[in-house]
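Student: Task: produce atomic coordinates for the following.
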Amino acid sequence: MAEFFCIVAILPLLRALAQWHRGSMTQSAVHFRALLIRLIAAQACYYMIVSIDLTLTGLVGMSLAPSPVLMTLPLSLIVVVGTICSFVAGHAAARFGYRPVMVVGAITVIAGGFLSAFAVATHSFALFCLGTALTGGYRAVGGFLRFVASEYAQPATRERALALVMYGGIAAAALGPFAAVAASHAALQPYLGSCPLIAALGVVALVLALTMPPATGNTEEAKQPAIAIRRQARNPQFQQAVLVLAGSGLVMTLVMATGPLANDHAGHSSAMGASMIQWHLIGMFAPSALSAQLLKRCGNFGTNLAGGFIMALGCILGVFFSSGAAMIATLTLVGVGWNVLFVAGSALLLRSYPQGRGAKLQGFADGSTAAVSATGSFAAAWLLQSVGWGGVNLLGAATVAALLVALAVLTWQNGPRLSQQLKAGPTLPSRTGRSELERSESR
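Tutor: Numbering: from 1, shown residues only. Next comes the predicted model:
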């Protein structure tokens with residue numbers, strides 16, 4: 001059922017790609033459509049790796065750890081290293097461009113996959129921790145994929161391009177958990193096969209990274225230095241973007257991390273737990289095109305309200321019901337709400353800087369989101385034991401309510417400033433000579 005839904009969910013993507021710049025089959029439009037397809041494929045590799053990590057890292061850590069206290073250390077290292085590297089990757093992209101950063105990230109995940117496989121084969125917990133730390137470094141650059149699409153799109157289609165790249169997560173939803181389990185049984189030793197699968201996906205990601213345009217955009221603005229974070233700290237759109245991305249990431253991670261544990265505590269089957277995560281991933285990525293349309297019709301504030309309402313509805317359902325079907329519904333709705341908020345928050349981030357000069361801001365926003373989300377991940381088990389599944393969802397609903405209130409206050413306080421920024425309009429792309437995208441295609 002879930003796999004069929006994934007196939008149906010891809011149909012809007014195929015339609016959008018077919019209609020992209022319809023009636024304007026210029027060389028630039030054709031090159032950008034090809035870039036968009038490569039970015040979606042790279043995003044699929046990224047979320048497949050994330051899905052495999054979420055599915056098996058904790059189990060491998062439990063089998064190798066010398067003490068039960070340390071069994072979650074490998075998964076924690078992925079989160080911590082990924083968070084730190086997000087800030088570093090933003091500054092590196094601003095200086096060297098997206099392509100070198102993505103190439104280095106892909107190389108780290110290849111090394112991490114093979115090192116983790118060697119660690120599992122030799123029963124070395126220390127080497128496995130080092131391998132997962134390298135994998136965490138790659139997770140820091142995966143967020144840039146959506147920004148590459150936005151920086152090379154026409155100004156009027158930046159948010160739409162960003163949303164379409166998110167469709168790469170559908171492949172992870174359909175195949176990730178089951179590919180991880182199948183690979184873990186491919187070798188005689190348990191879990192040994194899943195680590196080379198991560199390395200293989202890293203090789204595909206490396207090939208795709210080498211085809212990416214080298215610069216951070218093809219506008220005249222992109223030739224200028226990246227905007228410093230301190231310069232935009234008081235920008236209302238940047239403030240709202242970080243608030244929405246970090247707040248929605250916190251609630252999503254908290255509910256997602258708690259769900260499988262609550263499923264086990266409630267006595268549901270492991271198959272029910274796998275279905276729960278699968279439907280959660282579908283909710284996170286399937287509505288991307290619809291979220292972009294909602295953003296176009298309702299604007300940022302209306303879209304954020306809609307996303308917050310959907311996420312809160314899922315949490316409220318979890319407050320009162322703990323059956324298997326209700327848990328699946330809770331995680332699915334939370335995933336859908338996160339998608340809407342993620343697209344709206346990313347759009348706010350895009351509007352906070354001139355096109356092509358936001359690499360440092362992108363890294364800061366992703367790093368802040370990862371840091372806040374890590375808090376939810378680390379607190380999940382303790383909160384579940386302290387307040388139960390219903391209490392966790394009540395906390396999630398309260399967090400969403402606080403997020404929407406803070407967003408409304410910021411919108412009301414900065415209304416005049418936002419109006420002035422929107423009237424200024426986006427920076428137009430350069431029309432002199434071939435674009436950086438076309439030049440990179442010819443190399």
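Student: Show me what the longest helix seen in the chain is packed against.
Tutor: Looking across the chain with DSSP state H, the single longest helix is helix 359-413. Helix 359-413 sits against helix 73-96, helix 125-142, helix 144-152, helix 229-232, helix 236-265, helix 288-320, helix 324-350, with contacts defined as 3 or more C-beta pairs under 8 Å, 6 or more residues apart in numbering; DSSP states H and E. Quick note: C-beta positions are derived from backbone N, CA and C, even for glycine.
Student: Helix 236-265 and the last one, what's the angle between them?
Tutor: When you say that, I think you mean helix 324-350. Helix 324-350 and helix 236-265 are oriented at 160 degrees to each other (axes from the mean of the first three to the mean of the last three C-alpha atoms, to 10 degrees).
Student: before we move on, the earlier item: take the helices and strands packed on helix 359-413 and write them to JSON lines, including mean pLDDT and mean neighbour count.
Tutor: JSON lines is the format used below for the helices and strands packed on helix 359-413 (pLDDT from 0 to 100; neighbours: other C-beta atoms under 10 Å):
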{"stretch": "helix 73-96", "mean pLDDT": "83", "mean neighbour count": "21"}
{"stretch": "helix 125-142", "mean pLDDT": "89", "mean neighbour count": "24"}
{"stretch": "helix 144-152", "mean pLDDT": "80", "mean neighbour count": "27"}
{"stretch": "helix 229-232", "mean pLDDT": "74", "mean neighbour count": "14"}
{"stretch": "helix 236-265", "mean pLDDT": "87", "mean neighbour count": "23"}
{"stretch": "helix 288-320", "mean pLDDT": "90", "mean neighbour count": "20"}
{"stretch": "helix 324-350", "mean pLDDT": "91", "mean neighbour count": "26"}
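Student: just how off-centre is the longest helix of the chain within its chain?
Tutor: Offset of helix 359-413 from its chain centre (C-alpha atoms, centre = their mean, to the nearest Å): 15 Å.
Student: what does stretch 344-351 give?
Tutor: Using C-alpha atoms, centre = their mean, the offset of stretch 344-351 from its chain centre is 14 Å.
Student: Now tell me what touches that stretch from outside.
Tutor: Residues from elsewhere that reach stretch 344-351 (C-beta atoms under 8 Å, 6 or more residues apart in numbering): 146, 150, 158-159, 162, 237-238, 240-245, 248, 291, 295, 300, 303-304, 307, 358, 361-362, 365, 421-422, 426.
Student: With only the CA atoms kept, save that stretch in PDB.
Tutor: Presented in PDB, the C-alpha positions along stretch 344-351 are these (Å, rounded to 0.1, in the frame of the first residue of the first chain):
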ATOM      1  CA  ALA A 344       7.600  27.700   3.800                       C
ATOM      2  CA  GLY A 345      10.600  28.200   6.100                       C
ATOM      3  CA  SER A 346      13.100  27.500   3.200                       C
ATOM      4  CA  ALA A 347      11.200  30.100   1.100                       C
ATOM      5  CA  LEU A 348      11.600  32.700   3.800                       C
ATOM      6  CA  LEU A 349      15.300  31.900   3.900                       C
ATOM      7  CA  LEU A 350      15.600  32.400   0.200                       C
ATOM      8  CA  ARG A 351      13.900  35.800   0.400                       C
END
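Student: Okay, the residue positioned nearest the centre of the chain and residue 101: tell me how far apart.
Tutor: Nearest to the geometric centre of the chain sits residue 143, at 5.8 Å (C-alpha atoms, centre = their mean). Taking C-beta to C-beta, to the nearest Å as the measure, residue 143 falls 11 Å from residue 101.
Student: What of residue 350?
Tutor: Distance, residue 350 to residue 101, by C-beta to C-beta: 19 Å.
Student: ok, now residue 351?
Tutor: With C-beta to C-beta as the criterion, residue 351 and residue 101 are 23 Å apart.
Student: Of those two, give the one with the bigger neighbour count.
Tutor: residue 101 (27 against 21; other C-beta atoms under 10 Å).
Student: Contacts only, for residue 199.
Tutor: Listed by C-beta under 8 Å, 6+ apart, the contact set of residue 199 reads 109, 110, 112, 113, 114, 117.
Student: burial of the first one, as a residue count?
Tutor: Residue 109 sits with 28 neighbouring residues when counted by other C-beta under 10 Å.
Student: Quick one: list the elements packing against the helix or strand containing it.
Tutor: Secondary structure assignment for residue 109, by DSSP states H and E: helix 98-122. In terms of contacts (3+ C-beta pairs under 8 Å, 6+ apart), helix 98-122 is packed against helix 27-64, helix 73-96, helix 125-142, helix 144-152, helix 194-210.
Student: Which positions within that helix qualify as buried?
Tutor: Residues of helix 98-122 classed as buried by neighbour count (16 or more other C-beta atoms under 10 Å): 98-99, 101-117, 119-120.
Student: got the angle between it and helix 359-413?
Tutor: On the basis of the same axes, to 10 degrees, helix 98-122 is oriented at 100 degrees to helix 359-413.
Student: I figured residue 246 hits residue 368, correct?
Tutor: Yes. Residue 246 is in contact with residue 368 according to C-beta atoms under 8 Å; the separation is 5.2 Å.
Student: How about the contacts made by residue 253?
Tutor: Counting by C-beta under 8 Å, 6+ apart, residue 253 has contacts 373, 374, 376, 377, 380.
Student: follow-up on the earlier one: from the contacts of residue 199, which is closest to residue 198?
Tutor: Residue 198 lies nearest to residue 113 out of the contacts of residue 199, by C-beta to C-beta, at 3.7 Å.
Student: ok, that closest one - contacts?
Tutor: Neighbour list for residue 113: 131, 135, 195, 196, 197, 198, 199, 200, 201, 202 [criterion: C-beta under 8 Å, 6+ apart].
Student: From what I see, the last one and residue 103 are in contact.
Tutor: Think residue 202. No. Residue 202 lies out of contact with residue 103 (C-beta under 8 Å); the separation is 11.1 Å.
Student: tally of neighbours for residue 168?
Tutor: Neighbour tally, residue 168, other C-beta under 10 Å: 24.
Student: Now for the nearest residue to it once chain neighbours are set aside: which residues touch it?
Tutor: Residue nearest to residue 168 in three dimensions, not counting chain neighbours: residue 43, with 2.7 Å by C-beta to C-beta, 6 or more residues apart in numbering. Counting by C-beta under 8 Å, 6+ apart, residue 43 makes contact with 142, 145, 146, 165, 166, 167, 168, 169.
Student: hmm, try it at 6 Å
Tutor: Residue 43 makes contact with 145, 165, 168, according to C-beta atoms under 6 Å, 6 or more residues apart in numbering.
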